[in-house]
Every structure is written in structure tokens, then in C-alpha cells.
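**Student:** my questions are about this predicted structure, shown below with the sequence.
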Amino acid sequence: MADVILKDIRKSFGRVEVIKGVDITIEDGEFVVFVGPSGCGKSTLLRMIAGLEDITSGTLEIGGSVVNDVQPKERGIAMVFQSYAIFPHMTVRENMAFGLTIAKASKEEKESKVQEAARILQMEDLLDRKPSQLSGGQRQRVAIGRAITRKPSVFLFDEPLSNLDAALRMDMRMEIGRLHEQLAATMIYVTHDQVEAMTLADKIVVLKDGKVMQVGKPMELYHEPANKFVAGFLGAPSMNFLEVDVQELGEGSAVVSNGALEPTTVKTRGRTFTKGGKATMGIRPQYLKLAKAGEGMLHGAVTLTERLGTETVVDVSLLSGGKVIASFDEDLILTAGERLDLTFDADQAHLFHADE
């Protein structure tokens, strides 16, 4: 296997720079997920690692060697695409052996590696079927099996689950996670789905507009986001943001409030604020709790309720005219227009600069 190091990687299409100086170190055996909204550059970055896009400037190393000018087939990588990219006229066995056939491997070597990949993916009984006889999840496993047979140093996944329905996506997430544990391989995975990022990754790279916003372990990013974008992107439902006034400043804390929020002491987490100035307070929906009528820290009325069995998600219209989403880990019956008072642990809140 191999580590992957990106040093000041940039990519321009004509005069438009889409990757703007990316520095990332991916350790041997890590599962790293590039995540971000559509158009942030994550797939372009993956294609540059694969050698499918030229690098405008910067240095890319795989396994200690600079590979900027190395052909894709010589980089020791294998890529799994969103569209599966398997041949409809070939059997599963032939599809999985395709890379070995191109490399003119012996019949015995091909059969051995295909059988090993089929065992890992639990597909031994599907080897003689055609893709038209397979489900979407099985087709994606064929594409992954083709990558396994090549014994790459690095696996690259470009949104491999986006064509699957919700239940299959969950199953395939588990399959890919299990595969990583079995192979102990370096894997780089691109997705716009933050649930995939949080559940699969050893390390997440959050991208926006061709720049790295933050790199870290999933729960580090969840609990200590570097900025408002990361805070809002990771987590479902998304973090609530409230525009607040800074009333007082203390040692590592600030007292903030607005028309719907009672004065609340929030940690500043290393940021500097100005007394009398504006700030943005973030609190995740899961940390909002019901308070007794007339008590609590936030006050509003129920706008919409989603009862999901073990969870109730509530849109709350605040007295100040804003809104928050609360997520309660119980089944609640609430009616539109009902008064709702909420509280939260202020230590779970985040304070960002208003223009961040």
C-alpha cells in the first residue's frame, strides 16, 4: 500500500482556477473522504490523483514517488466510478478479470485473483451472470471486485453509491467499510453525502470552492468545526445558526442574546469578539431540549413536525422571526402553532463571526 501527499495542488481550466492550493497528507492504510457541495472540486481532485486530469501546478506523491507525469495505469491505483463502468456483454468473472486480461496475466492468475475478490465480496455464486441479471448494489460490487483484482496501492472511489436507493446505500457503506478493514488499504472516497463521510472515514477533508476548509477525524470536525461552513455542512439535520448581539466578554466566553434568545454565556473557542458587536451562534438540533412552559432559553411556536418513530424533528418559528430545527430522540405529538420553549447546554453551542 502507499501514502498519498498533495502539495500546493492547483488546477485551472483556462483562466478559471478550480483547485486553489490544496495540501493534504493521506497516510498508508487510511480511509480518507473528500466531502463538500457540488462544484467544490472534490471529483476534480480525485481525478488528478488518478491521472485522469493534468495538474496545473504543485506536487503529487504516491508511495514516496512524484507521479505528476506518470500515466494512470502506472500509478498503482484503481478507481471505482459512480456509473459502475462494467461491460454488459461480459460475465461478472470477465468484468472482474478485465484489468488482468489487459495486463496479459495468465489464466491461472486471473482465476485465482477473481476468486479471491469474489470471496471478499461474497459474490462466488454470481461469477457467471451478466450485469443485466444483477441489482444495482451487485453491479457496484463487480466494479469494486475489478479494482481488488488489480492489487492497487490506492483505491479511489468517485461517489460510488449515488445511483443506489437509500437501503442499498446503507448496505454498500457497510460493505465498503468492511472491505477497508479486510484489505487495510489506502482508500480515497469522494461524496457529497456527509452521512457517508461521517460513517466511513478515518479522516475527512471538507472542501469548498476548490479550497480545504478543514481536515480531521469525523467527530473532531463535528464537535470542533473550524468555521461556520464546516459546522453547517456536517450533521443532519444541519446546525442552527442565530444572529446574536455580544453583550459581555469574559475569559474565553461571551454573553450573547437576541429577540428570541435569553442572555447566554457561550465559549468563544479561541475567536475574538467585540462587546456590542454582532456574532452568529450555532447549536445542533440534537442538543435542543424541551423546557417547561415560560422557561428555557429559546421561545417560539411549532411550524412543522416530522415523526420518525424513535425521533421527532420539529421546525420552530422563533418570536424574533427566525427559526430553529429541534430533533428529539422520542416520539412526540405536537401541533402546528403550539407554543414551544427550548433549552440547551451552552457548552454545546458555537460562536462564529457574523461574516465568517
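**Tutor:** Structure's in. What do you need?

**Student:** please, where are all the strands along the stretch 101-250 of the chain?
**Tutor:** In the stretch 101-250 of the chain, strands defined by DSSP state E, counting those that start in this stretch lie at 154-158, 186-191, 203-208, 211-216, 240-250, listed in chain order.

**Student:** helices or strands next to the third one in the packing?
**Tutor:** Contacts of strand 203-208 with other secondary structure elements, assessed using 3 or more C-beta pairs under 8 Å, 6 or more residues apart in numbering; DSSP states H and E, are made with strand 31-35, strand 211-216, helix 218-223, helix 228-233. The C-beta positions use only the backbone N, C-alpha and C, and glycine is treated the same way.

**Student:** that one to strand 211-216, inter-axis angle?
**Tutor:** 160 degrees (axes from the mean of the first three to the mean of the last three C-alpha atoms, to 10 degrees).

**Student:** need the CA coordinates for strand 203-208. CSV is fine.
**Tutor:** C-alpha atoms of strand 203-208 as CSV (Å, rounded to 0.1, in the frame of the first residue of the first chain):
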residue,chain,number,x,y,z
LYS,A,203,-10.2,11.3,8.2
ILE,A,204,-12.5,13.8,6.4
VAL,A,205,-11.3,16.6,4.1
VAL,A,206,-14.0,19.3,3.8
LEU,A,207,-13.8,21.3,0.5
LYS,A,208,-15.4,24.5,-0.6
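
**Student:** contacts for it?
**Tutor:** Outside strand 203-208, the residues that touch it by C-beta atoms under 8 Å, 6 or more residues apart in numbering are 24, 26, 30-37, 40-42, 45, 197-198, 212-218, 221, 229-230, 233-234.

**Student:** quick one, what contacts the most centrally placed residue in the chain?
**Tutor:** When C-alpha atoms, centre = their mean is applied to the chain, the residue found nearest the centroid is residue 197 (2.9 Å). By C-beta under 8 Å, 6+ apart, the contact list for residue 197 reads 33, 35, 191, 204, 218, 234.

**Student:** repeat the analysis, applying 6 Å as the threshold.
**Tutor:** If you count contacts by C-beta atoms under 6 Å, 6 or more residues apart in numbering, residue 197 has them with 33, 35, 191, 204.

**Student:** Throw these into JSON lines and include neighbour count, thanks.
**Tutor:** As requested, the contacts of residue 197 are exported to JSON lines (neighbours: other C-beta atoms under 10 Å):
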{"residue": "33", "neighbour count": "25"}
{"residue": "35", "neighbour count": "26"}
{"residue": "191", "neighbour count": "24"}
{"residue": "204", "neighbour count": "28"}
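
**Student:** least confident pick among the residues you listed?
**Tutor:** pLDDT across these is lowest for residue 191, at 93.
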